[in-house]
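Peer 1: structure for this input, please:
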Amino acid sequence: MANIKSQKKRNRQNDARHERNKAVRSELKTRVKTANTATDTGAESAPEAVRMAQKRLAKAGAKGRIHKNQAARRISRVMKRQSAGA
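Peer 2: Numbering: from 1, shown residues only. Sure thing, here's the model as predicted:
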């Protein structure tokens, strides 16, 4: 455990960021899974689910929660899957 005050603060900040990033990544997985399921089953809510997944992925990439290229790749995969199912 750190003795230095600034290191204690840094540890608290890192823990907070870790939890926030974990929550965002978990939500991304859920959104993508929902979009893929809706697309595969041909549900009426598929376009909305894809739009929300795309929005969340782009936001996470812009904020640095995931790498920008990873966000672009995952958006591309979701869109490709939607256009193949449509």
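Peer 1: where's the residue sitting nearest the centre point of the chain, which helix or strand?
Peer 2: Residue closest to the mean C-alpha point of the chain, counted by C-alpha atoms, centre = their mean, is residue 28 at 3.0 Å. Residue 28 belongs to helix 5-41 when assigned by DSSP states H and E.
Peer 1: for residue 81, same thing?
Peer 2: helix 68-85.
Peer 1: could you dump that helix to CSV, C-alpha only?
Peer 2: Provided in CSV are the C-alpha atoms of helix 68-85 (Å, rounded to 0.1, in the frame of the first residue of the first chain):
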residue,chain,number,x,y,z
LYS,A,68,-10.8,4.3,-31.9
ASN,A,69,-9.9,1.7,-34.4
GLN,A,70,-11.5,-1.0,-32.3
ALA,A,71,-14.7,1.1,-32.2
ALA,A,72,-14.6,1.6,-36.0
ARG,A,73,-14.1,-2.2,-36.5
ARG,A,74,-16.9,-3.2,-34.3
ILE,A,75,-19.3,-0.6,-35.8
SER,A,76,-18.3,-2.0,-39.2
ARG,A,77,-19.1,-5.5,-38.2
VAL,A,78,-22.5,-4.6,-36.8
MET,A,79,-23.4,-2.6,-39.9
LYS,A,80,-22.2,-5.4,-42.2
ARG,A,81,-24.3,-7.9,-40.3
GLN,A,82,-27.3,-5.7,-40.6
SER,A,83,-27.0,-5.1,-44.3
ALA,A,84,-26.5,-8.9,-44.9
GLY,A,85,-29.7,-9.6,-42.9
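Peer 1: would you put the C-alpha positions of stretch 14-24 in PDB?
Peer 2: Taking C-alpha atoms only, stretch 14-24 is exported to PDB below (Å, rounded to 0.1, in the frame of the first residue of the first chain):
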ATOM      1  CA  ASN A  14      -7.300   4.600 -11.200                       C
ATOM      2  CA  ASP A  15      -9.900   2.500  -9.400                       C
ATOM      3  CA  ALA A  16     -12.700   4.900 -10.400                       C
ATOM      4  CA  ARG A  17     -11.600   4.900 -14.000                       C
ATOM      5  CA  HIS A  18     -11.300   1.100 -14.000                       C
ATOM      6  CA  GLU A  19     -14.900   0.700 -12.700                       C
ATOM      7  CA  ARG A  20     -16.200   3.200 -15.300                       C
ATOM      8  CA  ASN A  21     -14.400   1.600 -18.100                       C
ATOM      9  CA  LYS A  22     -15.600  -1.800 -17.100                       C
ATOM     10  CA  ALA A  23     -19.200  -0.600 -17.000                       C
ATOM     11  CA  VAL A  24     -18.900   0.900 -20.400                       C
END
